[in-house]
Each structure stands twice: as C-alpha cells, then as structure tokens.
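A.B. asks: Build me a model from this:
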Amino acid sequence: MSALHQDDPAKRARLRWRSRRGLLENDLILTRFLDANEAALSNDDVDAYTRLMELTDNDLMGLLLGQNEPKEELDLPHVHVLLARLRLA
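C.D. replies: Numbers count the residues shown, from 1 in each chain. Predicted coordinates:
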C-alpha cells in the first residue's frame with residue numbers, strides 16, 4: 001500500500017502548489033479547505049482533489065458553487081464526498 005499523502009512533504013507541497021488557481025475565489029476556497037483538512041486527507045481524498053485540479057478554473061468554480069455536478073470521469077463516489085466537503089469550506 002502506498003504511503004499516505006501526509007507522510008510525504010513533497011506530495012503535500014505539490015498539492016498546495018496545484019491549488020493555486022487563476023480565479024481568486026477558487027484560491028480562497030481551496031486554501032481554506034487545505035488549511036483546515038490537509039493533515040487528515042486520505043488517499044481517496046487526495047485522488048479526488050487531484051482530479052478536480054485537472055479542471056479549468058471556470059469548471060471548478062461551477063462545481064464548488066454547486067452550479068454543476070461531476071460528470072463522466074469525475075462522477076465517482078469519493079469525488080462527490082470531497083466536493084461536498086469543499087463546498088462547506
């Protein structure tokens with residue numbers, strides 16, 4: 001089994017770097033979420049978060065604001081769970 005995200009400082013730094021977005025609103029939501037939850041992220045959480053970071057800023061914002069729901073390759077249970085947590089951030 002692979003090491004947990006929080007056990008690898010390079011993985012944590014990479015996740016934070018990928019969270020820097022072009023839209024300030026995305027930055028604020030993602031940074032607030034990581035500040036409060038990063039140490040407790042599971043491998044599934046990190047996978048879901050990484051998948052969300054692949055989106056364009058506007059698509060990500062639509063998901064974070066609840067205007068859209070994950071579709072196709074993002075329509076996975078662990079993505080929905082993490083998205084619900086992000087929406088509370």
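
A.B. asks: What segments of the protein are helices?
C.D. replies: 9-18, 24-37, 43-53, 57-64, 77-88 (DSSP state H).

A.B. asks: To Pro70, which of the ones you listed lies closest?
C.D. replies: helix 77-88 (5.2 Å; CB to CB). C-beta coordinates here come from the backbone N, C-alpha and C atoms, glycine included.

A.B. asks: and the helices of the chain as TSV, adding mean pLDDT, distance to Pro70 and mean neighbour count?
C.D. replies: Formatted as TSV, the helices of the chain follow (pLDDT from 0 to 100; distance: least, CB to CB, whole Å; neighbours: other CB atoms under 10 Å):
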stretch	mean pLDDT	distance to Pro70	mean neighbour count
helix 9-18	79	18	13
helix 24-37	91	16	15
helix 43-53	92	8	18
helix 57-64	95	7	16
helix 77-88	95	5	15
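
A.B. asks: Identify the residue spatially nearest to Asn37, adjacent ones excluded.
C.D. replies: Once flanking residues are discounted, Asn37 sits nearest to Arg85: 7.0 Å by CB to CB, 6 or more residues apart in numbering.

A.B. asks: how far away is the one you found from Ala10?
C.D. replies: 24 Å (CB to CB, to the nearest Å).

A.B. asks: what residues does stretch 80-89 touch?
C.D. replies: For stretch 80-89, the surrounding residues in contact (CB atoms under 8 Å, 6 or more residues apart in numbering) are 29-30, 32-33, 36-37, 44-45, 48-49, 52, 63-66, 69-70.
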